[in-house]
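Visitor: this is a predicted model, with the sequence first.
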Amino acid sequence: MQMNRRTLIAGAGLGVAGGAFAAASGLVDLHLPGGPSERPLAPRFPQKGEMIVQRIRPPLLETPFEVFDQGVITPNDRHFVRWHYSDIPTSIDVASYRIAIHGAVKAPQSLSLGEILKAGEHIEFAAVNQCAGNGRGLFEPRVAGAQWANGAMSNAKWRGVRLRDVLDKAGVGGDAKFVRFQGLDKPLVDGAPHFAKSIPIDIARRDDTILAFAMNGEALPLLNGFPLRLVVPGWFSTYWVKMLSDIEVLTAEDDNFWMAKAYRMPTVPVKPGDKDFPTAPVTTMGPRSFVTSHVDGSKLGNGEVRGIAMGGDSGVAKVVLTATEVPYGTVAVDKPEVREFLAELDKEEGKYGFRSWRAQVPKLAGPFREQMTLAVCCTNTNRAAQPDRQLWNPSGYARNIVERTLVQG
Amino acid sequence: MRRLFLASLMLLGGCQQADTFGFQNTSITLPDDTTTLPTGPGVEAVTTNCLACHSPAMILTQPRLTRKTWEAEVEKMAKVYKAPIDAAAVPQIVDYLVATNERLAK
């Protein structure tokens, strides 16, 4: 009965936040449309707490959604994990670790961690690290790939040294266009494309593009990129190369597989089965927001609704919560009662970080007041707002639809 | 001892000291994957040709996909990721993937 209502409300292309909760079985139900939807919370991984184990090898570990209700900073041991290949160094010797800088530079370098730390000022800020495929499992029609719910995102205070200070040790040539990054992870099979990502030189030289050596005041967990990872605030985490070992300055656009073929989005609307459409690399994130105090089926209770929001490539300007009464079963209602609330935002911990919000939702007065959907929409400081309908794409990237939670009045 | 040193740094909250940020040699052991694929025609072919690079979960968590999509996935693994898949085993692999996926996903 409840499933029928849920399905009815969800409709095609409408987002249901899908509150996940751990069952006694040690499985979590991610409410992915059509399934399979259950994932184990085991095995445990080193330096990580309880995580949703999407895949053991190479590791794909999703942050359980209830973690997002416990504070805007995701603890390091709950920060999501994503690797492409299973040859990941499991042992790092910090004294012999080197980061190569080469390509279109005046003097190629091989820098120790100590030299990186001394390359310039250390800065710290909060920023959301989000997989381009976060929420892929909620796309309809469904698409192949890692079947994340909405927990392939985490927020941390990153401390590091500016990439431009490190680049300047090598001296960037005037013809530099892009900078390419690689880490120590490798494919198991010879000839497979080594994971590498590139950013334009002006993004590389930004004031807040850093090589991060600390997350929330501690060294990075190895699975999150110890000892050093690139942080590009506002950009999807595919660019935040972990266990960074190689920086190459390029004089032309990068034609490597991970830029030219993978992690690309259509630049025009497409539907399943379409071919030969133009694409561009996934780059910046859009605004997103979530209810964290309630999951589907929760009682509204005292009406205090909490959540988190992110601006994506800018700060959070506002968060609007809409409560709509939900007609039961087959009964049709012309105009269900709809009420909007401007959420109160907590202080900003960092422009690119999560921001917590709260709103007081009274019981509705209409004939179907016993059930309501809570829809939450963030507008960022670039005036971009979350869409009501998700633009579909064949890789399930960049979901940022207005999420909905069904609560009992 | 090192940990104590780090903790005291954090107490001082000193950015001025951050260039001595205490990196420590780190070793981890990743858990083994003890899961297996459900039995069915072709399970040996999939186990032999696919599971060297990734867990069974990569197959078992997929939504309902068409035969064409599964064929494309197998081809991508071979052509792009250079998986040494026995060409003669491909039809068996695809049959297994399609049949298993139909049981698990609506």
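Guide: Structure received. Residues are numbered from 1 along each chain as shown, chains lettered A, B, ... in the order given.

Visitor: kindly check the end-to-end length of stretch A:204-218 for me.
Guide: End-to-end distance for stretch A:204-218: 24 Å, by Cα to Cα, to the nearest Å.

Visitor: any idea which helix or strand comes after the strand or helix carrying A:Ile101?
Guide: Using DSSP states H and E, A:Ile101 maps to strand A:98-103. Next helix or strand after strand A:98-103 toward the C-terminus (DSSP H and E): strand A:109-112.

Visitor: show the average pLDDT along whichever helix or strand comes after that next one.
Guide: Next along the chain after strand A:109-112, taking DSSP H and E as the criterion, comes helix A:113-117. For helix A:113-117, the mean per-residue pLDDT is 97.

Visitor: chain center to the helix or strand just after helix A:113-117: distance?
Guide: For helix A:113-117, the following helix or strand on the C-terminal side (DSSP H and E) is strand A:122-130. Strand A:122-130 sits 13 Å away from the centroid of its parent chain (Cα atoms, centre = their mean, to the nearest Å).

Visitor: measure the residue nearest to the spatial centre of chain B to chain A for me?
Guide: By Cα atoms, centre = their mean, the mean C-alpha position of chain B lies nearest to B:His54, the distance being 4.0 Å. Distance from B:His54 to chain A, counting by Cβ to the nearest Cβ, to the nearest Å: 6 Å. (C-beta placed from N, C-alpha, C; glycine too.)

Visitor: that residue: what's it in contact with?
Guide: A:Arg55, A:Arg57, A:Pro58, A:Ser86 (Cβ atoms under 8 Å, 6 or more residues apart in numbering or on different chains).

Visitor: tell me the contacts of the residue nearest to the last one when sequence neighbours are not counted?
Guide: Right, A:Ser86. In space, and not counting its chain neighbours, A:Ser86 is closest to A:Pro58: 4.2 Å by Cβ to Cβ, 6 or more residues apart in numbering or on different chains. Residues in contact with A:Pro58, defined by Cβ under 8 Å, 6+ apart, are A:Trp83, A:His84, A:Tyr85, A:Ser86, A:Ile88, B:His54.

Visitor: A:Pro58 and B:Leu30, how far apart?
Guide: 9 Å (Cβ to Cβ, to the nearest Å).

Visitor: overlap in contacts of those two?
Guide: Joint contacts of A:Pro58 and B:Leu30 (Cβ under 8 Å, 6+ apart) are A:Ile88.

Visitor: show me where chain B has helices.
Guide: B:2-12, B:43-50, B:57-60, B:67-79, B:90-104 (DSSP state H).

Visitor: pretty sure A:Ala100 contacts A:Ser110?
Guide: Yes: between A:Ala100 and A:Ser110 there is a contact under Cβ atoms under 8 Å: 5.3 Å.

Visitor: what about these two, which has more around it?
Guide: Between A:Ala100 and A:Ser110, A:Ala100 has the larger neighbour count (other Cβ atoms under 10 Å in any protein chain shown), namely 16 against 10.

Visitor: for residue 90, which non-adjacent residue is closest in space?
Guide: Let's take chain A. Using Cβ to Cβ, 6+ apart, the nearest residue to A:Thr90 is B:Ile28, at 5.1 Å.

Visitor: looking at chain B here, not the other one
Guide: B:Val74 (6.0 Å).

Visitor: quick one, what contacts the one you found?
Guide: Contacts of B:Val74 by Cβ under 8 Å, 6+ apart are B:Ile85, B:Val90, B:Ile93, B:Val94, B:Leu97.

Visitor: tell me the predicted confidence for the last one.
Guide: In the prediction, the pLDDT value recorded for B:Leu97 is 98.

Visitor: how much space separates the nearest residue to A:Ile92 once chain neighbours are set aside from A:Val166?
Guide: Closest residue to A:Ile92 apart from its sequence neighbours, by Cβ to Cβ, 6+ apart: B:Thr26 at 5.0 Å. Distance of B:Thr26 to A:Val166, given as Cβ to Cβ: 22 Å.
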